[in-house]
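Trainee: sharing a sequence plus its predicted fold:
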Amino acid sequence: MLSEVAFKELQIYKDFYHVAEMPNFESISEKEKIDKKDWKELIVAINRTYNNFTERLKTFYPGISEQELRICILIKIIIPPIGIAELTSHSKQAITSSRRKLYERTHIQSSTPDS
(Lines give C-alpha, C1' and ligand atoms only; values in the text may rest on other atoms or scores of the structure.)
Protein backbone atom coordinates (compact mmCIF):
# COMPACT_ATOMS: atom_id res chain seq x y z
CA MET A 1 0.00 0.00 0.00
CA LEU A 2 2.87 2.38 0.75
CA SER A 3 4.43 1.73 -2.63
CA GLU A 4 1.10 2.53 -4.30
CA VAL A 5 0.90 5.83 -2.43
CA ALA A 6 4.47 6.60 -3.54
CA PHE A 7 3.59 5.59 -7.12
CA LYS A 8 0.73 8.09 -7.19
CA GLU A 9 3.18 10.83 -6.24
CA LEU A 10 5.40 10.14 -9.26
CA GLN A 11 5.38 12.73 -12.01
CA ILE A 12 4.78 10.05 -14.67
CA TYR A 13 1.54 9.03 -12.93
CA LYS A 14 0.46 12.66 -12.78
CA ASP A 15 1.38 13.16 -16.45
CA PHE A 16 -0.81 10.26 -17.55
CA TYR A 17 -3.73 11.48 -15.47
CA HIS A 18 -3.29 15.00 -16.82
CA VAL A 19 -3.19 13.91 -20.48
CA ALA A 20 -6.19 11.62 -19.88
CA GLU A 21 -8.00 14.79 -18.75
CA MET A 22 -8.91 13.40 -15.36
CA PRO A 23 -10.57 15.84 -12.95
CA ASN A 24 -8.28 17.72 -10.55
CA PHE A 25 -5.14 16.87 -12.51
CA GLU A 26 -5.08 19.98 -14.74
CA SER A 27 -2.53 21.91 -12.72
CA ILE A 28 -0.05 19.16 -11.86
CA SER A 29 1.51 18.66 -15.27
CA GLU A 30 2.40 20.61 -18.37
CA LYS A 31 2.48 17.43 -20.47
CA GLU A 32 0.26 17.61 -23.55
CA LYS A 33 0.97 14.25 -25.16
CA ILE A 34 2.30 10.87 -24.04
CA ASP A 35 5.21 9.43 -26.03
CA LYS A 36 7.13 6.12 -26.09
CA LYS A 37 9.54 7.35 -23.41
CA ASP A 38 6.60 8.09 -21.11
CA TRP A 39 5.15 4.62 -21.65
CA LYS A 40 8.52 3.03 -20.82
CA GLU A 41 8.79 5.13 -17.66
CA LEU A 42 5.25 4.20 -16.61
CA ILE A 43 5.93 0.50 -17.20
CA VAL A 44 9.05 0.64 -15.01
CA ALA A 45 7.06 2.37 -12.25
CA ILE A 46 4.13 -0.07 -12.58
CA ASN A 47 6.45 -3.08 -12.41
CA ARG A 48 8.23 -1.68 -9.37
CA THR A 49 4.94 -0.93 -7.59
CA TYR A 50 2.92 -4.00 -8.57
CA ASN A 51 5.39 -6.90 -8.49
CA ASN A 52 6.37 -7.01 -12.18
CA PHE A 53 2.79 -6.53 -13.36
CA THR A 54 3.55 -6.36 -17.10
CA GLU A 55 5.94 -9.31 -17.00
CA ARG A 56 3.35 -11.43 -15.23
CA LEU A 57 0.74 -10.47 -17.85
CA LYS A 58 3.13 -11.44 -20.66
CA THR A 59 3.83 -14.77 -18.94
CA PHE A 60 0.15 -15.63 -18.46
CA TYR A 61 -0.91 -14.30 -21.89
CA PRO A 62 2.10 -14.57 -24.24
CA GLY A 63 0.12 -13.28 -27.22
CA ILE A 64 -0.82 -10.00 -25.57
CA SER A 65 -0.26 -7.08 -27.92
CA GLU A 66 1.39 -3.80 -26.95
CA GLN A 67 -1.99 -2.07 -27.25
CA GLU A 68 -3.65 -4.62 -24.96
CA LEU A 69 -0.80 -4.34 -22.48
CA ARG A 70 -1.21 -0.57 -22.40
CA ILE A 71 -4.95 -0.93 -21.81
CA CYS A 72 -4.26 -3.31 -18.90
CA ILE A 73 -1.77 -0.84 -17.42
CA LEU A 74 -4.26 2.00 -17.62
CA ILE A 75 -7.00 -0.15 -16.10
CA LYS A 76 -4.58 -1.03 -13.29
CA ILE A 77 -4.06 2.65 -12.46
CA ILE A 78 -7.81 3.24 -12.64
CA ILE A 79 -8.10 5.39 -15.73
CA PRO A 80 -11.63 5.15 -17.15
CA PRO A 81 -12.33 4.09 -20.77
CA ILE A 82 -12.62 7.65 -22.09
CA GLY A 83 -9.18 8.45 -20.62
CA ILE A 84 -7.75 5.21 -22.02
CA ALA A 85 -9.11 6.20 -25.43
CA GLU A 86 -7.40 9.60 -25.13
CA LEU A 87 -4.06 8.09 -24.07
CA THR A 88 -4.02 5.38 -26.73
CA SER A 89 -5.44 7.48 -29.58
CA HIS A 90 -8.39 5.13 -30.09
CA SER A 91 -12.12 5.62 -29.90
CA LYS A 92 -14.02 4.83 -26.72
CA GLN A 93 -15.83 2.10 -28.67
CA ALA A 94 -12.51 0.48 -29.65
CA ILE A 95 -11.41 0.54 -26.00
CA THR A 96 -14.72 -0.97 -24.88
CA SER A 97 -14.32 -3.75 -27.45
CA SER A 98 -10.71 -4.39 -26.41
CA ARG A 99 -11.66 -4.55 -22.74
CA ARG A 100 -14.40 -7.07 -23.51
CA LYS A 101 -11.99 -9.24 -25.53
CA LEU A 102 -9.34 -9.05 -22.82
CA TYR A 103 -11.83 -10.17 -20.20
CA GLU A 104 -12.99 -13.07 -22.36
CA ARG A 105 -9.41 -14.22 -22.96
CA THR A 106 -8.31 -13.89 -19.35
CA HIS A 107 -11.43 -15.33 -17.73
CA ILE A 108 -12.54 -17.78 -20.45
CA GLN A 109 -16.09 -16.43 -20.35
CA SER A 110 -18.14 -13.63 -21.84
CA SER A 111 -19.06 -10.57 -19.84
CA THR A 112 -19.48 -6.82 -20.04
CA PRO A 113 -16.51 -4.50 -20.60
CA ASP A 114 -16.95 -3.16 -17.06
CA SER A 115 -16.05 -6.60 -15.70
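Mentor: Looks like it came in fine.

Trainee: identify the residue spatially nearest to residue 33, adjacent ones excluded.
Mentor: In space, and not counting its chain neighbours, residue 33 is closest to residue 19: 6.6 Å by CB to CB, 6 or more residues apart in numbering. Quick note: C-beta positions are derived from backbone N, CA and C, even for glycine.

Trainee: how about residue 79?
Mentor: Nearest to residue 79 is residue 20, by CB to CB, 6+ apart, at 5.2 Å.

Trainee: is there a neighbour count for the closest residue in space to residue 31 that isn't next to it in sequence? I'd like the number.
Mentor: Spatially, and ignoring its direct neighbours in sequence, residue 31 is nearest to residue 15 (4.2 Å; CB to CB, 6+ apart). Close neighbours of residue 15, defined as other CB atoms under 10 Å, add up to 21.

Trainee: what residue is smack in the middle of the protein?
Mentor: Centroid-nearest residue in the chain, with CA atoms, centre = their mean: residue 74, separated by 1.3 Å.

Trainee: show me what contacts the closest residue to that residue other than its chain neighbours?
Mentor: Take residue 74 and drop its neighbours on the chain: the residue closest to it by CB to CB, 6+ apart is residue 84, 4.6 Å away. Shown in contact with residue 84 (CB atoms under 8 Å, 6 or more residues apart in numbering): 20, 71, 74, 75, 90, 95.

Trainee: show me which of those are buried.
Mentor: 20, 71, 74, 90, 95 (16 or more other CB atoms under 10 Å).

Trainee: Throw those residues into JSON lines and include pLDDT, distance to residue 102 and secondary structure, thanks.
Mentor: Shown next, in JSON lines, are these (pLDDT from 0 to 100; distance: CB to CB, whole Å; DSSP: H, G, I helix; E, B strand; the rest coil):
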{"residue": "20", "pLDDT": "88", "distance to residue 102": "19", "secondary structure": "coil"}
{"residue": "71", "pLDDT": "94", "distance to residue 102": "7", "secondary structure": "helix"}
{"residue": "74", "pLDDT": "95", "distance to residue 102": "12", "secondary structure": "helix"}
{"residue": "90", "pLDDT": "91", "distance to residue 102": "14", "secondary structure": "coil"}
{"residue": "95", "pLDDT": "92", "distance to residue 102": "10", "secondary structure": "helix"}
